[in-house]
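Student: missing the sequence, but the structure's below:
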């Protein structure tokens, strides 16, 4: 059985230099030897074009024109080089590591942010955190610090069991202090001093001294 091969006519594009004049809808207006053309941005061209950029164009006789790459940008133009994508983007590295480095700063901005890793390390010379609500679900936390200063207007902590070990001195200063214990309160010290400028009141059914 013979199957006739269907001839498909494919337009062969040519490459030309162009100059970006400005935006036009979802594309750009580019001037070249053929005049002013409406050009779309090729998917592989990740750098977003800007007015004044010298670009490489792919043009065919059917009227299709694509910006293939950015060749040159005017000195003094926008210093920020933008990588533009449409839709979801996934960056995958297989059998290797990925590094992101910057001589100045790295900024991340997103409506929602998620970071998942089996192990993690963060090294910061100085850090600041600003947020409205923080929720932590952590099985174990270990903090080793030379100095820790916390300034909190209101703090509520709930524990099943809590242990605190202070090798040297501990001091608590407050306008008033109240301690409520449902069971037994035990204090064991080598020496105890209670100094009051006003009254000292001990109220109990039985009091044993000595």
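Tutor: Looks like it arrived, so ask away. These numbers come from a predicted model, not from an experiment. Numbers count the residues shown, from 1 in each chain.

Student: so how far is residue 166 from residue 149?
Tutor: Distance, residue 149 to residue 166, by C-beta to C-beta, to the nearest Å: 17 Å. C-betas here are computed from N, CA, C, even on glycine.

Student: Which pLDDT does the model give residue 1?
Tutor: With respect to pLDDT, residue 1 scores 49.

Student: before we move on, what about residue 130?
Tutor: The per-residue pLDDT reported for residue 130 equals 87.

Student: what's near enough to touch the most centrally placed residue in the chain?
Tutor: Central residue of the chain (C-alpha atoms, centre = their mean): residue 108, 4.5 Å from the mean position. Going by C-beta atoms under 8 Å, 6 or more residues apart in numbering, residue 108 touches no other residue.

Student: helix, strand or coil for it?
Tutor: Put simply, residue 108 is coil when judged by DSSP: H, G, I helix; E, B strand; the rest coil.

Student: Same question for residue 23.
Tutor: Once three-state DSSP is applied, residue 23 turns out strand.

Student: Same question for residue 58.
Tutor: Under three-state DSSP, residue 58 falls in the strand class.

Student: average pLDDT for stretch 185-193?
Tutor: 91.

Student: my bad, stretch 24-38
Tutor: Averaged over stretch 24-38, pLDDT sits at 93.

Student: Distance from the chain centre to it, please.
Tutor: Relative to its parent chain, stretch 24-38 has a centroid offset of 37 Å by C-alpha atoms, centre = their mean, to the nearest Å.

Student: got the end-to-end distance for stretch 172-187?
Tutor: End-to-end distance for stretch 172-187: 16 Å, by C-alpha to C-alpha, to the nearest Å.

Student: Hmm, I typed the wrong one, I wanted stretch 182-202.
Tutor: Its start and end residues considered, stretch 182-202 measures 18 Å (C-alpha to C-alpha).

Student: Over to stretch 183-199?
Tutor: 26 Å.

Student: for stretch 119-131, same thing?
Tutor: Distance between the two ends of stretch 119-131: 24 Å, counting by C-alpha to C-alpha.

Student: Give me the contacts around it.
Tutor: Counting by C-beta under 8 Å, 6+ apart, no residue sits against stretch 119-131.
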